[in-house]
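Peer 1: Next input, structure requested:
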Amino acid sequence: MTLHRRQILQGVSALGLASCCQPVLAHLPQPPKRIYKTLKIGMVQVPGSLQEKFAAAKEAGFEGIEMNAPGMNVEETKQAIAATGLPVDGSVCAGHWQVRHTSPDAATRREALETLKRALRDTHAVGGHTVLLVVGHGDDGPEAEIWSRSIENIAQAVPLAAELGVHIAIENVWNKFLYDHEGDATQTAEKFVRYVDEFQSPWVGMQFDIGNHWKYGSMGDWLRALRHRVIKLDVKGFSRAKNAFTKIGEGDIDWADVRKALDDINYIGWCAAEVGGGKLDRLKEIAANMDKSFGIK
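Peer 2: Purely as a prediction, here's the structure:
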């Protein structure tokens, strides 16, 4: 078991040895950060090349960036990574709102599957480890039908995800599926838990969006219910009072409970901003809002 610096200091302080041990402790590994900040490439509205956009995101305080896949130029992306040192931590699956795994049309589902597989390959090629996926839409049929239909389709990509080491990260969105779109704020994540578990694979989890379902339930409780299934986070603000999305940290999300829930489930990993972007000053504002909301120092 690895002891962190703080734990060792507590032990040696009791023996009066802290001061003499400082030179050694300075070289011990520091405790890991809980949240690593990333954002969607479309939010970076800095003019110029992809490399310049990567550089701006890094200057703004982000530690990674999410691309769109398929759709990104893999070689150009690899060059931007090499030039700036900013990694691509994952991607967003292109076209998943329009070409859906829940579609009643078999040809459409085949296209959705091929798109997902290509997204997994392209993401792996640039060093990313997640592909965010909207699994479908409740308008495609009765819940029981689209539940089994989408799982059957997506499951065909799981062996490739395992082979490449890239997770399929399901996002909770307003798609009228796995929650009651006309319901109130007392809903739970129970359906999301059962849906993810049906894949029976560690390569399928949740890219849990903290703001998306605050209208429908407690984000802290949803995180506690999803537990290990949360492999990544998305974040935006939401105001129940205004029934509208907001900047991160604005609105009325219970951030104290969100932070406690992340502690409760021992979440350490990436969190992607998903709000209106802009140029460098706006990107810095977003990074600062994330720091404040998550208590990042």
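
Peer 1: Strands of the chain, start to end?
Peer 2: Using DSSP state E, the strands of the chain run over residues 35-39, 65-69, 88-93, 130-133, 167-171, 204-209, 230-235, 237-239, 244-246, 269-273.

Peer 1: who wins for proximity to Glu52 among these?
Peer 2: Nearest to Glu52, of all those, is strand 65-69, at 12.6 Å by CB to CB. Where C-beta positions appear, they are placed from N, C-alpha and C, glycine not excepted.

Peer 1: Tell me which other helices or strands that closest one touches.
Peer 2: On a contact count with 3 or more CB pairs under 8 Å, 6 or more residues apart in numbering; DSSP states H and E, strand 65-69 meets strand 35-39, strand 88-93, helix 106-125.

Peer 1: pLDDT averaged over that strand, what's the number?
Peer 2: Mean pLDDT, computed over strand 65-69, is 98.

Peer 1: need the contact list for the closest residue to Ala161 other than its chain neighbours.
Peer 2: Nearest non-adjacent residue to Ala161, counting by CB to CB, 6 or more residues apart in numbering: Trp203, 4.3 Å away. Neighbouring residues of Trp203 by CB atoms under 8 Å, 6 or more residues apart in numbering: 158, 161-162, 166-168.

Peer 1: same thing but 10 Å
Peer 2: Applying CB atoms under 10 Å, 6 or more residues apart in numbering to Trp203 gives the contacts 120, 157-169, 231.

Peer 1: can you give me the offset of stretch 211-222 from its chain's centre?
Peer 2: Here the centre of stretch 211-222 is set off from its chain's centre by 15 Å, with CA atoms, centre = their mean, to the nearest Å.

Peer 1: Pull the distance from stretch 145-164 to the chain's centre.
Peer 2: Taking mean C-alpha positions (CA atoms, centre = their mean), stretch 145-164 and its chain are 19 Å apart.

Peer 1: Likewise for stretch 249-263?
Peer 2: Mean C-alpha position of stretch 249-263 versus that of the full chain (CA atoms, centre = their mean) differs by 16 Å.

Peer 1: Average pLDDT for that stretch, rounded please.
Peer 2: Averaged over stretch 249-263, pLDDT sits at 97.

Peer 1: Neighbours of Arg110, how many?
Peer 2: Residues contacting Arg110 under the criterion other CB atoms under 10 Å number 14.

Peer 1: actually Ala57, not the one I wrote
Peer 2: Ala57 has 27 neighbouring residues, counting by other CB under 10 Å.
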